[in-house]
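Visitor: Provided below for reference: sequence and predicted model.
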Amino acid sequence: MRILIVEDDREAAAYLVKALREAGHAPDHAADGLDGYALATENGYDVLIVDRMLPKLDGLSLIGGLREQKIETPVLILSALGQVDDRVKGLRAGGDDYLTKPYAFSELLARVEVLSRRKSPQAAETVYRVGDLVLDRLSHRVTRGGEEIDLQPREYRLLEYLMRHADQVVTRTMLLENVWDYHFDPQTNVIDVHVSRLRSKIDRNFEKTLLHTVRGAGYVIRDGAR
Amino acid sequence: MTALGKLIRSTAFKLSAIYLLSFTLFAVFILGYVAWNARALLTAQISETIEAEVSGLAEQFRQGGIRRLVFIIERRSRQPGAFLYLLSGPNNEPLAGNAIGLKPELLTAPGWHETSYTISDEHERAPRSAMIRVFRLPGDFHLLVGRDVMEREQLRGVIRRGLTLSLGLVVLLGTLGGLFITRRVLKRVDSMSETAQSIMAGNLAGRLAVSGNGDELDRLAGNLNAMLDRIGELMTGLREVSDNIAHDLKTPLTRLRNGAEEALRTGRSDDDYRRALDSMIDESDGLIRTFNALLMIARAESGTASEAKQRFDAGAVVSGVAELYEPVAEEAGLSLKTEAAEGQFVIGSRELLSQALANLADNAIKYGASAEHGGEIVMSAALRGDRVEITVADGGPGIPPEDRQRVLDRFTRLDSSSGKPGSGLGLSLAAAIVHFHGGTLALEDNQPGLRVVLSLPAAPGEA
């Protein structure tokens, strides 16, 4: 996946480039807003990672400029400003996701991968399937191997989010943000408990485990052991 | 700037001057109007009486001819306070009357005139003013009837003198009063700016003098003092935060550094290094968390949280957080119940209040368990008058009354909590967030256990 990193801090950028390359991606780097804008308009990237505070052209203006040019590459905004209002401003400017510094690389990677596949047709599907687990978004019914699974509304939304991003790692923070709409740090393993409850409903009585824990990163739902 | 220049440039002085000027113009206009009207009225009266006299005399002339007219005029001329009369023959020769000193050519011009004259039969011969009516009689006789208008002139004089005198007085008193007021105001403004300068120079405890009479300067001084108090509070808060950051971030930073050194010194295998690095990441995550919490407390306490305040349902926030923590409570062997009806609106930030409640729920789960009381946590939201009261109650050991204030301070962790994870910031963050919403946080005895009561002002308007 081709990724453009627009970040003025050389060290942080070098770290990101290296880590993303190790994760199997092809990252480019621009050190200021204007370079970033030029690169982003010329080359077709899959995802842009844009720091909010940049020399020459700040991150939000850069994104606004791209959106005006009808360049709809998904953008992850990186910022030291982490309040809800800052986040709202970033997303309003055309950003697709917002990550506050300092962050864990696993968090960034998970978000970038989810962003890159955001436009996949699966998002519009009415039925999600992972192995023999089926979630029908119209009837809100969940079955596994034809057997109906009874879920609480929140468990349903949790599963829906996981299945929409099947085969992709989603972090606890992403779940908290997207399923619960909270952007603070709950300081305990609340998400783990919810996930393990969900897991007990969809996986316990079946031979094959679908909902996996990714150590140090988060969760992934997928068919087949990898 | 000279004292006088300062006086003249002051707003109070300018205002008094403008007021004085407009008042004077207005007074002149009113008096002039009155004088003009009085004069017109008097003139109308005089001409009416002259008119009546003329028609009376004309009647006499019709009945008794010139002879009778002459006789009547002679008789009337001698009465005290008489009209002015003059009757002349065809050759302009005077036949009768008391108005001898009049210019003879007046008689040939019928109509109204104003003229000066002297009365023949008086000792003093000062010229006087009169209003006269000349009337032509058949046979080329001319009859002049006049009336002295000295009264009218005297009235005008009285008004003019009154006007001059009163204007003089007004200007004098107005200027003196203006100067007096200006000086008074200037003195207070000067003392205020002196105080302000001393505060700027570093005397941060200085406050503006309030005279206590409740005037606009007092209100201004009061508001400025309140502003200074607020700034002082913010500065104290900021200093506390930086003290706390310095103190409480240094401890984990030291641990972090020691861990790295230790690993370098004693590490033998990749596994050793991996373990050390893992623990360093945990340590720095903890640092970031503490740092974020501190920042948020400072922002919420100082009221500068950029979170836009919105109207939101506190009942729904309580249910939402309870729903998030319910499985965690269950896992800890506790039950978490919610008694929160929806539709209890407050103004503030849903996100921040959720965070405060999350901290309280987290605390309740950590500390709310006790062997003897099964451990039930109840989160509720209810409308009490114009407040929305949110409670988080547990059945744990509670907090002794003497410690209740202390636990709200930053980083306070009671001895009994040692061994449990936590930064000691949860309650103070919750308190800061409640403060941000204009509410209060109280710790009460749940008999047994702790009952945290958040009282927030209910949002006005429809539910």
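Guide: Thanks, I have it. Numbering: from 1, shown residues only, chains lettered A, B, ... in the order given.

Visitor: in chain A, which spans are strands?
Guide: Using DSSP state E, the strands of chain A run over A:2-6, A:26-30, A:47-51, A:75-79, A:97-100, A:127-130, A:133-136, A:141-144, A:147-149, A:170-171, A:211-214, A:218-221.

Visitor: what are the buried residues along the fifth one?
Guide: To tie it back to what came earlier, the one meant is strand A:97-100. Of all the residues in strand A:97-100, those buried under the rule 16 or more other Cβ atoms under 10 Å in any protein chain shown are A:97-100. From N, CA and C alone the C-beta is placed, and that goes for glycine too.

Visitor: with respect to chain B, which of those is nearest?
Guide: A:Thr100 (8.4 Å; Cβ to the nearest Cβ).

Visitor: tell me the pLDDT at that closest one?
Guide: Per-residue pLDDT puts A:Thr100 at 86.

Visitor: with B:Arg406 instead?
Guide: Listed pLDDT for B:Arg406 reads 69.

Visitor: compare the strands of chain A and give me the one nearest B:Leu84.
Guide: Closest to B:Leu84 of the strands of chain A, according to Cβ to Cβ: strand A:75-79, at 104.7 Å.

Visitor: and the closest one with strand A:47-51, angle?
Guide: Going by axes from the mean of the first three to the mean of the last three Cα atoms, to 10 degrees, strand A:75-79 is angled at 20 degrees with respect to strand A:47-51.

Visitor: convert strand A:75-79 to PDB, retaining C-alpha atoms only.
Guide: Provided in PDB are the C-alpha atoms of strand A:75-79 (Å, rounded to 0.1, in the frame of the first residue of the first chain):
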ATOM      1  CA  VAL A  75      -6.300  11.000   5.500                       C
ATOM      2  CA  LEU A  76      -5.200  10.200   9.000                       C
ATOM      3  CA  ILE A  77      -4.400  13.300  11.000                       C
ATOM      4  CA  LEU A  78      -1.700  13.200  13.600                       C
ATOM      5  CA  SER A  79      -1.800  15.900  16.200                       C
END
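
Visitor: and it, is it in reach of chain B?
Guide: No. Using Cβ under 8 Å from any Cβ of the partner chain, strand A:75-79 never reaches chain B; the gap is at least 13.1 Å.

Visitor: list the strands paired with that strand, with their directions.
Guide: Its sheet considered, strand A:75-79 pairs with strand A:47-51 (parallel), strand A:97-100 (parallel) by DSSP bridges.

Visitor: include distance to B:Arg9 when you put those into TSV, please.
Guide: Below are those laid out as TSV (distance: least, Cβ to Cβ, whole Å):
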stretch	distance to B:Arg9
strand A:47-51	53
strand A:97-100	54
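
Visitor: how is the chain partitioned into domains?
Guide: All of this is about chain A. Structurally, chain A divides into domains by automatic domain parsing as follows: A:2-116, A:121-221.

Visitor: switch to chain B, please.
Guide: Structural domains assigned to chain B are B:11-153, B:217-302, B:310-457, following automatic domain parsing.

Visitor: most packed of these?
Guide: Across the domains of chain B, averaging neighbours per residue (mean count of other Cβ atoms under 10 Å in any protein chain shown) puts domain B:310-457 on top, at a mean of 19.

Visitor: of all the domains of chain A, which lies closest to B:Leu57?
Guide: Of all the domains of chain A, domain A:2-116 sits nearest to B:Leu57, with 100.7 Å by Cβ to Cβ.

Visitor: contacting residues around A:Thr143?
Guide: With contact set as Cβ atoms under 8 Å, 6 or more residues apart in numbering or on different chains, A:Thr143 has these partners: A:133-134, A:149.

Visitor: hmm, back to that, just put the domains of chain B in JSON lines and tack on distance to chain A.
Guide: JSON lines is the format used below for the domains of chain B (distance: least, Cβ to the nearest Cβ, whole Å):
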{"stretch": "domain B:11-153", "distance to chain A": "41"}
{"stretch": "domain B:217-302", "distance to chain A": "6"}
{"stretch": "domain B:310-457", "distance to chain A": "4"}
